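Novice: Here is my input, please return the structure:
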Amino acid sequence: MKALVYHGPGQRRWEEKPRPSMTKPTDAVVRITHTTICGTDLHILKGDVPAVEDGRTLGHEGVGVVEEVGDGVSHIQVGDEVLISCITSCGRCDYCKRGLYAHCRDGGWILGHLIDGTQAEYVRIPHADNSLHRLPKDMDRAAAVMLSDILPTGHEIGALNGEVGLGDTVAIVGAGPIGLAALMTSRFYSPARIIMIDPDENRLAMAKQLGATDTIARDPLDAIDELTGGEGVDVAMEAVGIPETFDICQRIVRPGGHIANIGVHGKSVEFRLQDLWIKNVTVRTGLVNTNTTPVLMRIVEAGGVEPAGLVTHRFKLDDIEKAYDVFSRASKEQAIKMLLTAE
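Specialist: Below is the predicted model:
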């Protein structure tokens, strides 16, 4: 089979690899029909995730058809069209029983990280009963792929960790795919205002289409001060993963507010604890657990949110290296999400 393989920082190649086989009775093998590229994949290629070894197939999002199941799989059958969760969960360990699937003792974020991932023609999925979701027949497959990672991440690590509430003023720093997913899912909780901050005017235009009330391209501190009458925001979400954007969140949050860090950080940030403690600010970080994926699937199926609108570029799976080139120049190419299709 063909797969997108990591060969060290800055090195990737679409190449032949052996087709995966089941190693445990709880495994399934899925033939990929649709997948995408995540900002985390770019972090890996920059060398920010040293646990990823040379030879690893990248990718942790996708939709496909089940080709094989182990004897220990009871809820998923051969021929099922399934959503692949970016988080693998056994459902039995102490962390899974607490809903912390991200820290499953035999799973977590392992696809495209510690085991071969979904940017391939086939992928092995451990703990298939808990890590795959059978798809409704009528669900748009582009929308389904967004349910693998970015929609639950925006919801859980953004809207829920930020405790977005009725009438709140929310600021999201970074209007990339995750920031836009946080925007879409924050609207479930009826904030009065959602302010998107990003230097890219194209992304801000999409944010407006998705429901942002205000957008800021420059001088965010002064602009937030003016928009809020000097009060600051109730919820500040960091959706980039660099020190500068985290610092903006620290500076714009109001007393009693919440900072929700969604971005993947590759180096330390300056934590302004001397300013935050006296303001009774709550700071939360996290890796998505995907425990809200089933309810998000129902919302997407009912038309309550349309994540397929985040797809700006479509490629055949065989053209994945070209898709990476486009995604790595996202601003120039006006790219948000790639959809790669094998069929």
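
Novice: Could you chop the chain up by domain?
Specialist: Following the TED database, the chain resolves into domains at 2-149+289-341, 154-285.

Novice: As a check, name the ranges of all helices in this protein.
Specialist: Here the chain has its helices, by DSSP state H, at 39-45, 94-97, 128-131, 141-146, 150-153, 177-186, 201-209, 220-227, 243-252, 273-276, 293-301, 320-328, 330-333.

Novice: mind listing what's buried in stretch 189-203?
Specialist: For stretch 189-203, the neighbour count (16 or more other CB atoms under 10 Å) marks 189, 191, 193-198, 200, 202-203 as buried. Any C-beta I mention is one placed from the backbone N, CA and C, and that applies to glycine too.

Novice: let me redo that: stretch 227-234
Specialist: For stretch 227-234, using 16+ other CB under 10 Å, the buried residues are 227-228, 232-234.

Novice: returning to what we had before: any chance of the domains of the chain in a markdown table with mean pLDDT as columns?
Specialist: Listed next are those as a markdown table, based on pLDDT from 0 to 100:
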| stretch | mean pLDDT |
| --- | --- |
| domain 2-149+289-341 | 97 |
| domain 154-285 | 97 |
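
Novice: Can you tell me the centre-most residue of this structure?
Specialist: Centroid-nearest residue in the chain, with CA atoms, centre = their mean: residue 150, separated by 2.8 Å.

Novice: how near is that one to residue 122?
Specialist: Note on residue 150: its distance to residue 122, by CB to CB, to the nearest Å, is 23 Å.

Novice: can you check residue 265 too?
Specialist: Taken as CB to CB, the span from residue 265 to residue 122 is 32 Å.

Novice: who's more crowded, the two?
Specialist: Comparing residue 265 with residue 122 by other CB atoms under 10 Å, the one with more neighbours is residue 122, at 23 against 17.

Novice: Enumerate the beta-bridge partners assigned to the nearest residue to residue 249 once chain neighbours are set aside.
Specialist: Residue nearest to residue 249 in three dimensions, not counting chain neighbours: residue 236, with 3.9 Å by CB to CB, 6 or more residues apart in numbering. Beta-bridge pairing for residue 236 (DSSP bridges): residue 171, residue 259.

Novice: what do you get for residue 193?
Specialist: Under DSSP bridges, the beta-bridge partners of residue 193 are residue 169.

Novice: okay but it is in contact with residue 172, surely?
Specialist: No - between residue 193 and residue 172 there is no contact under CB atoms under 8 Å: 11.2 Å.

Novice: Residue 39 versus residue 302, what's the distance?
Specialist: 28 Å.

Novice: who's more crowded, the two?
Specialist: Remark: of residue 302 and residue 39, residue 39 carries more neighbours, 20 against 8, as counted by other CB under 10 Å.

Novice: so how many other residues sit close to the residue lying closest to residue 309 once chain neighbours are set aside?
Specialist: In space, residue 309 comes closest to residue 210 once its chain neighbours are excluded; the distance is 7.1 Å by CB to CB, 6+ apart. Using other CB under 10 Å, residue 210 has 20 other residues around it.

Novice: For residue 111, list each beta-bridge partner.
Specialist: Where residue 111 sits in a bridge, its partners, by DSSP bridges, are residue 115.

Novice: What distance do you get for it to residue 237?
Specialist: Counting by CB to CB, the gap from residue 111 to residue 237 is 25 Å.

Novice: just residue 300 next, same as before
Specialist: Using CB to CB, residue 300 is found at 21 Å from residue 237.

Novice: between the two, which one's more packed in?
Specialist: residue 237 (33 against 21).

Novice: hang on, isn't that one packed against residue 181?
Specialist: No - because the distance of 10.6 Å does not satisfy CB under 8 Å, residue 237 is recorded as not touching residue 181.

Novice: Between these two, which contacts overlap?
Specialist: Listed contacts common to residue 237 and residue 181 are residue 158; contacts here mean CB atoms under 8 Å, 6 or more residues apart in numbering.

Novice: gap between the two ends of stretch 303-320?
Specialist: One end of stretch 303-320 to the other measures 29 Å (CA to CA, to the nearest Å).

Novice: What of stretch 13-25?
Specialist: 31 Å.

Novice: which residues are contacting that stretch?
Specialist: With contacts defined as CB under 8 Å, 6+ apart, stretch 13-25 is touched by 1-5, 7, 28-29, 57, 68, 70-73, 116, 120-124, 126, 318, 320-321.

Novice: Which positions in stretch 286-303 come out as buried?
Specialist: Going by neighbour count (16+ other CB under 10 Å), the buried part of stretch 286-303 is 286-293, 296-297, 299-300.

Novice: For the stretch 51-200 of the chain, just list every one of the strands.
Specialist: 62-69, 81-84, 122-125, 132-134, 169-173, 193-197 (DSSP state E, counting those that start in this stretch).

Novice: Show me which of those strands has the highest average neighbour count.
Specialist: strand 169-173 (a mean of 28; mean count of other CB atoms under 10 Å).

Novice: who's in contact with it?
Specialist: The contact list for strand 169-173 (CB under 8 Å, 6+ apart) reads 158, 162, 164, 179, 182-183, 186, 191-198, 220, 224, 228, 233-240, 245, 248-249, 252.
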